[in-house]
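> Quick one: sequence plus predicted model below, questions after.
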There are 2 protein chains.
Amino acid sequence: MKAVRDKRTSRWDAHRRARRAELTDAAIAAIRAHGAGVGMDEVAAGACTSKTVVYRHFTDRTQLYVAVCERVAEVLVAQIRAAMAGGESPRAKTAAGIAAYLRLIENDPEVYRFVVHRPLVDSALDGDPVADLVSLIGDEAAAVIAAQLRRAGSDTGAAVSWGHGIVGLVRAAADNWLARPTGTTRDELAAQLTDLAWSGLSGVVAPHQASHKEEPA
Amino acid sequence: MKAVRDKRTSRWDAHRRARRAELTDAAIAAIRAHGAGVGMDEVAAGACTSKTVVYRHFTDRTQLYVAVCERVAEVLVAQIRAAMAGGESPRAKTAAGIAAYLRLIENDPEVYRFVVHRPLVDSALDGDPVADLVSLIGDEAAAVIAAQLRRAGSDTGAAVSWGHGIVGLVRAAADNWLARPTGTTRDELAAQLTDLAWSGLSGVVAPHQASHKEEPA
DNA sequence: CGAGAGTACCGTGTACTTTGAGTATCGGCT
DNA sequence: AGCCGATACTCAAAGTACACGGTACTCTCG
(Lines give C-alpha, C1' and ligand atoms only; values in the text may rest on other atoms or scores of the structure.)
Protein backbone atom coordinates (compact mmCIF):
# COMPACT_ATOMS: atom_id res chain seq x y z
CA MET A 1 0.00 0.00 0.00
CA LYS A 2 3.02 2.26 -0.03
CA ALA A 3 4.39 0.93 -3.28
CA VAL A 4 4.63 4.25 -5.00
CA ARG A 5 7.76 5.86 -3.60
CA ASP A 6 7.43 9.01 -5.57
CA LYS A 7 10.66 10.92 -5.82
CA ARG A 8 8.90 13.73 -4.04
CA THR A 9 8.75 11.31 -1.15
CA SER A 10 12.05 9.56 -1.41
CA ARG A 11 13.91 12.80 -1.60
CA TRP A 12 13.44 13.25 2.14
CA ASP A 13 14.79 9.86 3.15
CA ALA A 14 18.27 11.06 3.93
CA HIS A 15 16.95 14.02 5.84
CA ARG A 16 14.71 11.79 7.86
CA ARG A 17 17.50 9.48 8.84
CA ALA A 18 19.65 12.40 9.83
CA ARG A 19 16.91 14.09 11.80
CA ARG A 20 16.09 10.91 13.60
CA ALA A 21 19.67 10.50 14.71
CA GLU A 22 19.80 14.13 15.68
CA LEU A 23 16.68 13.80 17.79
CA THR A 24 18.00 10.69 19.42
CA ASP A 25 21.12 12.53 20.45
CA ALA A 26 19.07 15.45 21.66
CA ALA A 27 17.06 13.05 23.75
CA ILE A 28 20.21 11.74 25.35
CA ALA A 29 21.35 15.25 26.09
CA ALA A 30 17.96 16.03 27.58
CA ILE A 31 18.20 12.98 29.78
CA ARG A 32 21.55 14.16 31.06
CA ALA A 33 20.05 17.56 31.76
CA HIS A 34 16.70 16.63 33.28
CA GLY A 35 17.22 13.14 34.58
CA ALA A 36 15.85 9.82 33.45
CA GLY A 37 12.28 11.02 33.80
CA VAL A 38 12.39 13.52 30.94
CA GLY A 39 9.20 14.48 29.29
CA MET A 40 8.74 14.63 25.57
CA ASP A 41 8.39 18.38 25.77
CA GLU A 42 11.79 18.68 27.35
CA VAL A 43 13.33 16.45 24.76
CA ALA A 44 11.80 18.58 22.04
CA ALA A 45 12.97 21.76 23.70
CA GLY A 46 16.45 20.30 23.97
CA ALA A 47 16.41 19.77 20.23
CA CYS A 48 15.28 23.38 19.79
CA THR A 49 12.00 22.35 18.29
CA SER A 50 8.63 21.23 19.42
CA LYS A 51 6.99 17.99 20.33
CA THR A 52 5.29 17.66 16.98
CA VAL A 53 8.60 17.14 15.29
CA VAL A 54 9.56 14.43 17.69
CA TYR A 55 6.29 12.67 17.07
CA ARG A 56 6.73 12.95 13.36
CA HIS A 57 9.85 10.83 13.60
CA PHE A 58 8.89 8.56 16.46
CA THR A 59 5.40 7.21 16.83
CA ASP A 60 5.75 6.71 20.57
CA ARG A 61 7.78 7.50 23.55
CA THR A 62 8.57 3.82 23.40
CA GLN A 63 10.04 4.10 19.95
CA LEU A 64 12.23 6.93 21.06
CA TYR A 65 13.27 4.81 23.98
CA VAL A 66 14.29 2.04 21.65
CA ALA A 67 16.29 4.43 19.52
CA VAL A 68 18.11 5.73 22.57
CA CYS A 69 18.85 2.20 23.67
CA GLU A 70 20.27 1.32 20.31
CA ARG A 71 22.42 4.40 20.30
CA VAL A 72 23.74 3.77 23.77
CA ALA A 73 24.25 0.10 23.07
CA GLU A 74 26.28 1.07 20.06
CA VAL A 75 28.80 3.09 22.04
CA LEU A 76 28.75 0.73 24.98
CA VAL A 77 29.44 -2.27 22.82
CA ALA A 78 32.20 -0.40 21.11
CA GLN A 79 33.82 0.45 24.41
CA ILE A 80 33.46 -3.04 25.73
CA ARG A 81 34.95 -4.46 22.55
CA ALA A 82 37.85 -2.10 22.79
CA ALA A 83 38.43 -2.93 26.43
CA MET A 84 38.28 -6.65 25.78
CA ALA A 85 40.68 -6.42 22.91
CA GLY A 86 43.34 -5.36 25.38
CA GLY A 87 42.97 -8.38 27.65
CA GLU A 88 45.50 -11.20 27.42
CA SER A 89 43.60 -14.20 28.66
CA PRO A 90 39.90 -14.78 28.17
CA ARG A 91 39.48 -14.10 31.83
CA ALA A 92 41.25 -10.79 31.52
CA LYS A 93 39.03 -9.95 28.60
CA THR A 94 35.99 -10.67 30.69
CA ALA A 95 37.32 -8.50 33.46
CA ALA A 96 38.00 -5.68 31.05
CA GLY A 97 34.51 -5.91 29.63
CA ILE A 98 32.95 -5.73 33.05
CA ALA A 99 35.08 -2.77 33.99
CA ALA A 100 34.09 -0.98 30.82
CA TYR A 101 30.43 -1.51 31.59
CA LEU A 102 30.83 -0.15 35.08
CA ARG A 103 32.77 2.82 33.84
CA LEU A 104 30.05 3.85 31.47
CA ILE A 105 27.22 3.64 33.92
CA GLU A 106 29.25 5.51 36.47
CA ASN A 107 29.94 8.32 34.05
CA ASP A 108 26.45 8.63 32.73
CA PRO A 109 24.14 7.46 35.45
CA GLU A 110 21.00 9.26 34.29
CA VAL A 111 21.22 7.92 30.78
CA TYR A 112 21.86 4.54 32.27
CA ARG A 113 18.80 4.76 34.47
CA PHE A 114 16.70 5.79 31.52
CA VAL A 115 17.91 3.01 29.36
CA VAL A 116 17.49 0.38 32.01
CA HIS A 117 13.93 1.39 32.69
CA ARG A 118 11.82 -0.69 30.33
CA PRO A 119 8.56 1.16 29.48
CA LEU A 120 6.17 -1.67 30.35
CA VAL A 121 4.36 -2.13 27.07
CA ASP A 122 0.94 -3.66 27.50
CA SER A 123 2.05 -7.23 26.89
CA ALA A 124 0.01 -7.35 23.71
CA LEU A 125 2.37 -8.86 21.22
CA ASP A 126 4.07 -6.20 19.09
CA GLY A 127 6.25 -8.33 16.89
CA ASP A 128 9.47 -7.45 18.65
CA PRO A 129 8.80 -6.82 22.31
CA VAL A 130 10.84 -3.68 22.87
CA ALA A 131 14.58 -3.85 22.70
CA ASP A 132 15.99 -2.47 25.91
CA LEU A 133 19.64 -1.90 26.51
CA VAL A 134 20.18 -5.01 28.56
CA SER A 135 18.65 -7.24 25.93
CA LEU A 136 20.86 -5.77 23.26
CA ILE A 137 23.99 -6.24 25.29
CA GLY A 138 22.79 -9.67 26.28
CA ASP A 139 22.44 -10.67 22.66
CA GLU A 140 25.89 -9.37 22.01
CA ALA A 141 27.34 -11.40 24.84
CA ALA A 142 25.39 -14.43 23.70
CA ALA A 143 26.98 -14.14 20.29
CA VAL A 144 30.45 -14.05 21.77
CA ILE A 145 29.76 -17.01 23.95
CA ALA A 146 28.24 -18.96 21.10
CA ALA A 147 31.38 -18.31 19.10
CA GLN A 148 33.51 -19.61 21.90
CA LEU A 149 31.39 -22.68 22.28
CA ARG A 150 31.55 -23.40 18.60
CA ARG A 151 35.29 -23.01 18.65
CA ALA A 152 35.48 -25.51 21.46
CA GLY A 153 33.19 -27.85 19.62
CA SER A 154 30.56 -27.67 22.32
CA ASP A 155 26.82 -27.36 22.03
CA THR A 156 25.68 -23.76 21.70
CA GLY A 157 22.21 -24.29 23.10
CA ALA A 158 22.92 -22.45 26.30
CA ALA A 159 24.57 -19.45 24.70
CA VAL A 160 21.65 -17.06 24.90
CA SER A 161 20.85 -17.93 28.48
CA TRP A 162 24.45 -17.51 29.39
CA GLY A 163 24.90 -14.28 27.54
CA HIS A 164 21.90 -12.68 29.11
CA GLY A 165 22.77 -14.23 32.42
CA ILE A 166 26.24 -12.76 32.52
CA VAL A 167 25.00 -9.35 31.52
CA GLY A 168 22.29 -9.55 34.14
CA LEU A 169 24.86 -10.53 36.70
CA VAL A 170 26.88 -7.43 36.08
CA ARG A 171 23.84 -5.25 35.76
CA ALA A 172 22.21 -6.28 39.00
CA ALA A 173 25.36 -5.89 41.01
CA ALA A 174 25.99 -2.55 39.36
CA ASP A 175 22.49 -1.30 40.01
CA ASN A 176 22.79 -2.15 43.62
CA TRP A 177 26.18 -0.54 43.76
CA LEU A 178 24.83 2.66 42.26
CA ALA A 179 21.69 2.76 44.35
CA ARG A 180 23.24 1.91 47.69
CA PRO A 181 26.88 2.88 47.73
CA THR A 182 28.82 0.72 50.14
CA GLY A 183 32.24 2.22 49.77
CA THR A 184 33.30 -0.43 47.31
CA THR A 185 35.29 1.12 44.49
CA ARG A 186 34.59 0.43 40.90
CA ASP A 187 37.73 -1.62 40.52
CA GLU A 188 36.96 -3.72 43.54
CA LEU A 189 33.49 -4.38 42.26
CA ALA A 190 34.83 -5.29 38.86
CA ALA A 191 37.22 -7.75 40.45
CA GLN A 192 34.49 -9.33 42.54
CA LEU A 193 32.21 -9.70 39.56
CA THR A 194 34.94 -11.13 37.44
CA ASP A 195 35.59 -13.77 40.06
CA LEU A 196 31.96 -14.69 40.15
CA ALA A 197 31.44 -14.59 36.41
CA TRP A 198 34.51 -16.61 35.77
CA SER A 199 34.45 -19.20 38.49
CA GLY A 200 30.86 -19.25 39.60
CA LEU A 201 29.58 -20.05 43.01
CA SER A 202 31.58 -23.22 43.29
CA GLY A 203 34.50 -21.07 44.25
CA VAL A 204 32.50 -19.74 47.16
CA VAL A 205 31.40 -22.92 48.80
CA ALA A 206 33.74 -25.55 47.52
CA PRO A 207 37.03 -24.59 49.19
CA HIS A 208 36.25 -26.38 52.41
CA GLN A 209 34.12 -29.07 50.85
CA ALA A 210 31.02 -27.46 52.30
CA SER A 211 29.84 -29.60 55.16
CA HIS A 212 26.10 -30.03 54.96
CA LYS A 213 23.97 -27.06 55.95
CA GLU A 214 20.36 -26.99 57.08
CA GLU A 215 18.79 -23.56 57.24
CA PRO A 216 20.27 -21.54 54.47
CA ALA A 217 17.77 -19.37 52.66
CA MET B 1 6.42 16.07 67.43
CA LYS B 2 4.17 13.04 67.63
CA ALA B 3 4.93 12.26 71.24
CA VAL B 4 1.35 12.15 72.42
CA ARG B 5 -0.01 8.86 71.09
CA ASP B 6 -3.44 9.31 72.46
CA LYS B 7 -5.29 6.05 72.77
CA ARG B 8 -7.83 7.50 70.39
CA THR B 9 -5.03 7.38 67.90
CA SER B 10 -3.25 4.18 68.78
CA ARG B 11 -6.46 2.24 68.83
CA TRP B 12 -6.40 2.14 65.04
CA ASP B 13 -2.93 0.72 64.70
CA ALA B 14 -3.99 -2.87 64.30
CA HIS B 15 -6.73 -1.97 61.91
CA ARG B 16 -4.34 0.03 59.84
CA ARG B 17 -1.92 -2.80 59.52
CA ALA B 18 -4.70 -5.14 58.52
CA ARG B 19 -6.17 -2.79 55.99
CA ARG B 20 -2.81 -2.14 54.47
CA ALA B 21 -2.19 -5.81 53.98
CA GLU B 22 -5.66 -6.22 52.57
CA LEU B 23 -5.08 -3.45 50.07
CA THR B 24 -1.75 -4.91 49.11
CA ASP B 25 -3.38 -8.21 48.35
CA ALA B 26 -6.12 -6.47 46.44
CA ALA B 27 -3.45 -4.73 44.42
CA ILE B 28 -1.88 -8.03 43.55
CA ALA B 29 -5.23 -9.41 42.50
CA ALA B 30 -5.82 -6.30 40.41
CA ILE B 31 -2.47 -6.79 38.73
CA ARG B 32 -3.41 -10.32 37.86
CA ALA B 33 -6.68 -9.09 36.45
CA HIS B 34 -5.60 -5.97 34.58
CA GLY B 35 -1.94 -6.55 33.89
CA ALA B 36 1.16 -4.90 35.25
CA GLY B 37 -0.02 -1.47 34.17
CA VAL B 38 -2.92 -1.24 36.59
CA GLY B 39 -4.20 2.14 37.55
CA MET B 40 -4.91 3.17 41.09
CA ASP B 41 -8.59 3.34 40.31
CA GLU B 42 -8.59 -0.26 39.25
CA VAL B 43 -6.74 -1.30 42.35
CA ALA B 44 -9.27 0.55 44.45
CA ALA B 45 -12.14 -0.99 42.56
CA GLY B 46 -10.61 -4.41 43.08
CA ALA B 47 -10.66 -3.74 46.79
CA CYS B 48 -14.29 -2.69 46.51
CA THR B 49 -13.56 0.82 47.56
CA SER B 50 -12.37 4.04 46.10
CA LYS B 51 -9.03 5.61 45.39
CA THR B 52 -9.27 7.84 48.42
CA VAL B 53 -8.99 4.85 50.68
CA VAL B 54 -5.91 3.61 48.95
CA TYR B 55 -4.30 6.98 49.32
CA ARG B 56 -5.11 7.05 52.99
CA HIS B 57 -2.89 4.05 53.49
CA PHE B 58 -0.25 4.65 50.86
CA THR B 59 1.08 8.09 50.16
CA ASP B 60 2.16 7.17 46.64
CA ARG B 61 1.86 4.67 43.93
CA THR B 62 5.49 4.03 44.77
CA GLN B 63 4.70 3.12 48.33
CA LEU B 64 2.11 0.67 47.15
CA TYR B 65 4.67 -0.73 44.77
CA VAL B 66 7.07 -1.28 47.63
CA ALA B 67 4.41 -3.02 49.67
CA VAL B 68 3.62 -5.33 46.80
CA CYS B 69 7.29 -6.11 46.35
CA GLU B 70 7.68 -6.97 49.97
CA ARG B 71 4.67 -9.22 49.88
CA VAL B 72 5.84 -11.02 46.77
CA ALA B 73 9.36 -11.31 48.08
CA GLU B 74 7.98 -12.90 51.19
CA VAL B 75 6.34 -15.75 49.34
CA LEU B 76 9.11 -16.06 46.81
CA VAL B 77 11.77 -16.34 49.46
CA ALA B 78 9.69 -18.88 51.29
CA GLN B 79 9.37 -21.00 48.18
CA ILE B 80 13.01 -20.73 47.33
CA ARG B 81 13.95 -21.67 50.86
CA ALA B 82 11.69 -24.67 50.72
CA ALA B 83 13.07 -25.75 47.38
CA MET B 84 16.64 -25.38 48.53
CA ALA B 85 16.03 -27.35 51.67
CA GLY B 86 15.42 -30.38 49.49
CA GLY B 87 18.73 -30.25 47.67
CA GLU B 88 21.55 -32.60 48.67
CA SER B 89 24.67 -30.80 47.59
CA PRO B 90 25.12 -27.05 47.60
CA ARG B 91 24.97 -27.19 43.85
CA ALA B 92 21.68 -29.02 43.95
CA LYS B 93 20.38 -26.42 46.35
CA THR B 94 21.35 -23.69 43.94
CA ALA B 95 19.63 -25.50 41.13
CA ALA B 96 16.49 -25.91 43.18
CA GLY B 97 16.47 -22.25 44.09
CA ILE B 98 16.76 -21.21 40.49
CA ALA B 99 14.01 -23.56 39.45
CA ALA B 100 11.75 -22.18 42.15
CA TYR B 101 12.33 -18.65 40.93
CA LEU B 102 11.51 -19.62 37.39
CA ARG B 103 8.44 -21.46 38.45
CA LEU B 104 7.01 -18.47 40.23
CA ILE B 105 7.53 -16.00 37.46
CA GLU B 106 6.10 -18.45 34.98
CA ASN B 107 2.97 -18.89 37.05
CA ASP B 108 2.42 -15.24 37.76
CA PRO B 109 3.94 -13.31 34.91
CA GLU B 110 1.92 -10.12 35.30
CA VAL B 111 2.74 -9.75 38.95
CA TYR B 112 6.31 -10.48 38.08
CA ARG B 113 6.37 -7.81 35.42
CA PHE B 114 4.88 -5.32 37.83
CA VAL B 115 7.33 -6.07 40.54
CA VAL B 116 10.32 -5.98 38.25
CA HIS B 117 9.38 -2.59 36.91
CA ARG B 118 11.04 -0.08 39.21
CA PRO B 119 9.07 3.21 39.28
CA LEU B 120 11.97 5.54 38.54
CA VAL B 121 11.91 7.80 41.53
CA ASP B 122 13.45 11.20 40.87
CA SER B 123 16.87 10.27 42.19
CA ALA B 124 16.44 12.75 45.00
CA LEU B 125 17.64 10.85 48.00
CA ASP B 126 14.77 9.37 49.97
CA GLY B 127 16.59 7.58 52.71
CA ASP B 128 15.98 4.12 51.33
CA PRO B 129 15.86 4.30 47.56
CA VAL B 130 12.88 2.09 46.86
CA ALA B 131 13.10 -1.58 47.59
CA ASP B 132 12.22 -3.48 44.46
CA LEU B 133 11.81 -7.21 44.32
CA VAL B 134 15.18 -7.94 42.87
CA SER B 135 16.98 -5.95 45.54
CA LEU B 136 15.16 -7.80 48.27
CA ILE B 137 15.98 -11.19 46.82
CA GLY B 138 19.50 -10.04 46.17
CA ASP B 139 19.94 -9.13 49.81
CA GLU B 140 18.62 -12.49 50.76
CA ALA B 141 21.08 -14.26 48.50
CA ALA B 142 23.86 -12.07 49.77
CA ALA B 143 23.09 -13.15 53.30
CA VAL B 144 23.26 -16.81 52.35
CA ILE B 145 26.52 -16.34 50.55
CA ALA B 146 27.99 -14.36 53.39
CA ALA B 147 27.09 -17.19 55.73
CA GLN B 148 28.85 -19.66 53.47
CA LEU B 149 31.91 -17.49 53.26
CA ARG B 150 32.06 -17.10 56.99
CA ARG B 151 31.74 -20.83 57.41
CA ALA B 152 34.64 -21.32 55.04
CA GLY B 153 36.62 -18.70 56.88
CA SER B 154 36.83 -16.48 53.83
CA ASP B 155 36.41 -12.77 53.51
CA THR B 156 32.80 -11.72 53.15
CA GLY B 157 33.49 -8.47 51.33
CA ALA B 158 32.15 -9.71 48.04
CA ALA B 159 28.97 -11.21 49.41
CA VAL B 160 26.59 -8.43 48.42
CA SER B 161 27.98 -8.14 44.93
CA TRP B 162 27.75 -11.85 44.50
CA GLY B 163 24.30 -12.16 45.93
CA HIS B 164 22.90 -9.47 43.71
CA GLY B 165 24.93 -10.76 40.82
CA ILE B 166 23.54 -14.25 41.01
CA VAL B 167 20.01 -13.00 41.32
CA GLY B 168 20.56 -10.69 38.39
CA LEU B 169 21.94 -13.56 36.40
CA VAL B 170 18.81 -15.58 36.86
CA ARG B 171 16.56 -12.61 36.41
CA ALA B 172 18.04 -11.44 33.15
CA ALA B 173 17.99 -14.85 31.59
CA ALA B 174 14.46 -15.37 32.82
CA ASP B 175 13.26 -12.02 31.49
CA ASN B 176 14.65 -12.83 28.12
CA TRP B 177 13.13 -16.25 28.26
CA LEU B 178 9.71 -14.81 29.06
CA ALA B 179 9.89 -12.02 26.54
CA ARG B 180 11.26 -14.01 23.62
CA PRO B 181 10.35 -17.65 24.00
CA THR B 182 12.88 -19.84 22.25
CA GLY B 183 11.38 -23.20 22.90
CA THR B 184 13.65 -23.82 25.84
CA THR B 185 11.74 -25.45 28.65
CA ARG B 186 11.87 -24.19 32.18
CA ASP B 187 13.89 -27.18 33.32
CA GLU B 188 16.39 -26.78 30.55
CA LEU B 189 16.81 -23.13 31.36
CA ALA B 190 17.21 -23.93 35.02
CA ALA B 191 19.93 -26.44 34.17
CA GLN B 192 21.76 -23.97 31.95
CA LEU B 193 21.64 -21.28 34.58
CA THR B 194 22.78 -23.61 37.26
CA ASP B 195 25.78 -24.56 35.17
CA LEU B 196 26.65 -20.94 34.67
CA ALA B 197 26.01 -19.88 38.23
CA TRP B 198 27.96 -22.75 39.62
CA SER B 199 30.92 -22.99 37.31
CA GLY B 200 31.08 -19.61 35.69
CA LEU B 201 32.38 -18.82 32.28
CA SER B 202 35.60 -20.70 32.75
CA GLY B 203 33.73 -23.80 31.79
CA VAL B 204 32.92 -22.26 28.44
CA VAL B 205 36.34 -21.32 27.25
CA ALA B 206 38.69 -23.38 29.29
CA PRO B 207 38.13 -26.88 27.83
CA HIS B 208 40.32 -26.35 24.81
CA GLN B 209 42.62 -23.82 26.39
CA ALA B 210 41.09 -21.06 24.26
CA SER B 211 43.53 -20.18 21.58
CA HIS B 212 43.82 -16.44 21.28
CA LYS B 213 40.94 -14.67 19.59
CA GLU B 214 40.91 -11.27 17.96
CA GLU B 215 37.52 -9.95 16.99
CA PRO B 216 35.13 -11.12 19.66
CA ALA B 217 32.70 -8.50 20.92
C1' DC C 1 -18.24 7.94 90.25
C1' DG C 2 -20.52 8.23 85.67
C1' DA C 3 -23.21 10.33 81.89
C1' DG C 4 -23.18 13.32 78.33
C1' DA C 5 -20.43 16.68 75.51
C1' DG C 6 -16.55 16.97 72.87
C1' DT C 7 -12.43 15.13 70.50
C1' DA C 8 -9.49 12.48 67.56
C1' DC C 9 -9.34 9.83 64.63
C1' DC C 10 -11.00 6.54 60.48
C1' DG C 11 -14.10 5.30 56.15
C1' DT C 12 -16.16 6.61 52.11
C1' DG C 13 -17.42 9.04 47.97
C1' DT C 14 -17.62 12.85 44.47
C1' DA C 15 -15.48 16.15 42.20
C1' DC C 16 -11.56 18.54 41.38
C1' DT C 17 -6.36 19.86 39.82
C1' DT C 18 -2.24 18.70 37.40
C1' DT C 19 0.94 16.60 34.52
C1' DG C 20 2.45 14.47 30.56
C1' DA C 21 1.50 11.68 26.36
C1' DG C 22 -0.31 11.96 22.09
C1' DT C 23 -3.28 14.64 18.22
C1' DA C 24 -5.60 18.14 15.08
C1' DT C 25 -5.10 21.72 12.37
C1' DC C 26 -3.18 25.34 10.15
C1' DG C 27 0.52 27.88 7.63
C1' DG C 28 4.89 27.59 5.08
C1' DC C 29 8.85 25.73 2.41
C1' DT C 30 10.94 23.51 -1.73
C1' DA D 1 2.23 17.84 -4.33
C1' DG D 2 4.09 16.62 -0.31
C1' DC D 3 6.57 17.25 3.61
C1' DC D 4 8.15 20.31 7.76
C1' DG D 5 6.96 22.84 11.86
C1' DA D 6 4.29 25.26 15.70
C1' DT D 7 0.27 26.32 18.49
C1' DA D 8 -3.36 24.66 20.72
C1' DC D 9 -5.95 21.10 21.71
C1' DT D 10 -7.71 16.06 23.90
C1' DC D 11 -7.32 12.45 27.10
C1' DA D 12 -5.78 9.46 30.88
C1' DA D 13 -4.11 8.70 35.13
C1' DA D 14 -1.97 10.29 39.53
C1' DG D 15 -2.96 12.66 43.25
C1' DT D 16 -5.98 16.21 46.22
C1' DA D 17 -9.98 18.76 48.52
C1' DC D 18 -13.76 18.56 50.79
C1' DA D 19 -17.83 17.01 52.89
C1' DC D 20 -20.43 13.58 55.37
C1' DG D 21 -20.80 10.10 58.74
C1' DG D 22 -19.24 6.91 62.27
C1' DT D 23 -16.99 4.91 66.61
C1' DA D 24 -14.01 4.75 70.51
C1' DC D 25 -11.72 7.43 73.69
C1' DT D 26 -11.35 11.57 77.18
C1' DC D 27 -12.83 15.30 79.73
C1' DT D 28 -15.88 17.68 82.84
C1' DC D 29 -19.60 18.60 85.72
C1' DG D 30 -23.13 16.87 88.63
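Everything's here; your move.

> Going by C-alpha atoms from here, please, whenever you check contacts or count neighbours.
Fine.

> Which secondary structure elements does the strand or helix carrying residue A:81 sit against?
In this structure, residue A:81 is located in helix A:61-86 according to DSSP states H and E. If you count contacts as 3 or more Cα pairs under 8 Å, 6 or more residues apart in numbering or on different chains; DSSP states H and E, helix A:61-86 packs onto helix A:13-34, helix A:90-107, helix A:109-116, helix A:133-151.

> at 6 Å instead, please
Judged by 3 or more Cα pairs under 6 Å, 6 or more residues apart in numbering or on different chains; DSSP states H and E, helix A:61-86 is in contact with helix A:90-107.

> how big is the angle separating the helix holding residue A:81 from helix A:13-34?
80 degrees (axes from the mean of the first three to the mean of the last three Cα atoms, to 10 degrees).

> and helix A:61-86, is it in reach of DNA strand D?
No - on the criterion Cα under 7 Å from any atom of the strand, helix A:61-86 is out of touch with DNA strand D, staying 14.4 Å away.

> orientation of that helix relative to helix A:109-116 in degrees?
Using the same axes, to 10 degrees: helix A:61-86 against helix A:109-116 is 110 degrees.

> What residues does chain A have near DNA strand C?
Proximity of chain A to DNA strand C (Cα under 7 Å from any atom of the strand) is limited to residues A:38, A:39, A:40, A:41, A:51, A:52, A:55, A:59, A:60, A:61, A:62.

> can we see that at 10 Å?
Within chain A, the residues that sit near DNA strand C (Cα under 10 Å from any atom of the strand) are A:8, A:37-44, A:50-56, A:58-65, A:119, A:121.

> Please report how far residue A:60 lies from DNA strand D.
Distance from residue A:60 to DNA strand D, counting by Cα to the nearest atom of the strand, to the nearest Å: 14 Å.

> And for residue A:177?
26 Å.

> the domain parsing of chain A - what is it?
With domains defined by automatic domain parsing, chain A comprises A:12-58, A:65-200.

> Including mean neighbour count, distance to residue B:86 and mean pLDDT, could those go into JSON lines?
Converted to JSON lines, those look like this (neighbours: other Cα atoms under 10 Å in any protein chain shown; distance: least, Cα to Cα, whole Å; pLDDT from 0 to 100):
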{"stretch": "domain A:12-58", "mean neighbour count": "17", "distance to residue B:86": "43", "mean pLDDT": "89"}
{"stretch": "domain A:65-200", "mean neighbour count": "19", "distance to residue B:86": "21", "mean pLDDT": "92"}
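
> coming back round to it: of the residues of chain A next to DNA strand C, which belong to helices?
Counted as lying in helices by DSSP state H, out of these, are A:8, A:40-44, A:51-56, A:61-65.

> could you say what helices and strands whichever strand or helix holds residue A:172 packs with?
Residue A:172 is part of helix A:159-179 when elements are defined by DSSP H and E. Secondary-structure packing of helix A:159-179 (3+ Cα pairs under 6 Å, 6+ apart): helix A:133-151, helix B:159-179.

> if we can go back for a sec, any chance of the domains of chain A in JSON lines, plus distance to residue B:151?
Shown next, in JSON lines, are the domains of chain A (distance: least, Cα to Cα, whole Å):
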{"stretch": "domain A:12-58", "distance to residue B:151": "42"}
{"stretch": "domain A:65-200", "distance to residue B:151": "18"}
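
> Among these, which comes closest to residue B:169?
domain A:65-200 (4.1 Å; Cα to Cα).

> what about that closest one, how long is it end to end?
34 Å (Cα to Cα, to the nearest Å).

> now stretch A:43-62
End-to-end for stretch A:43-62, by Cα to Cα: 14 Å.

> Touching that stretch from outside, list them.
A:26, A:27, A:30, A:41, A:64 (Cα atoms under 6 Å, 6 or more residues apart in numbering or on different chains).

> chain center to that stretch: distance?
23 Å (Cα atoms, centre = their mean, to the nearest Å).

> ditto for stretch A:30-37
The answer for stretch A:30-37 is 17 Å, by Cα atoms, centre = their mean.

> residue contacts, the spatially closest residue to residue A:160 that is not a sequence neighbour?
Excluding its sequence neighbours, the residue lying closest to residue A:160 (Cα to Cα, 6 or more residues apart in numbering or on different chains) is residue A:142, at 4.7 Å. Taking Cα under 6 Å, 6+ apart as the criterion, residue A:142 is in contact with A:159, A:160, A:163.

> which of the residues you listed lies closest to residue A:92?
residue A:163 (17.2 Å).

> who's in contact with that closest one?
By Cα under 6 Å, 6+ apart, residue A:163 lies in contact with A:138, A:141, A:142.

> what would these look like in JSON lines with distance to residue B:147?
Output for the contacts of residue A:163, formatted as JSON lines (distance: Cα to Cα, whole Å):
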{"residue": "A:138", "distance to residue B:147": "31"}
{"residue": "A:141", "distance to residue B:147": "31"}
{"residue": "A:142", "distance to residue B:147": "32"}
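
> Which of those residues sits closest to residue B:115?
residue A:138 (21.3 Å).

> ok, the closest residue to the closest one other than its chain neighbours - contacts?
Once flanking residues are discounted, residue A:138 sits nearest to residue A:164: 4.2 Å by Cα to Cα, 6+ apart. For residue A:164, the contact set (Cα under 6 Å, 6+ apart) comprises A:138, B:172, B:173.

> my read: the last one touches residue A:165, true?
In other words, residue B:173. Yes - counting by Cα atoms under 6 Å, residue B:173 touches residue A:165, with 4.9 Å between them.

> could you measure the most centrally placed residue in chain A against residue B:165, distance?
Most central in chain A under Cα atoms, centre = their mean is residue A:133, positioned 3.0 Å from the mean C-alpha point. Computed with Cα to Cα, the distance linking residue A:133 and residue B:165 is 18 Å.
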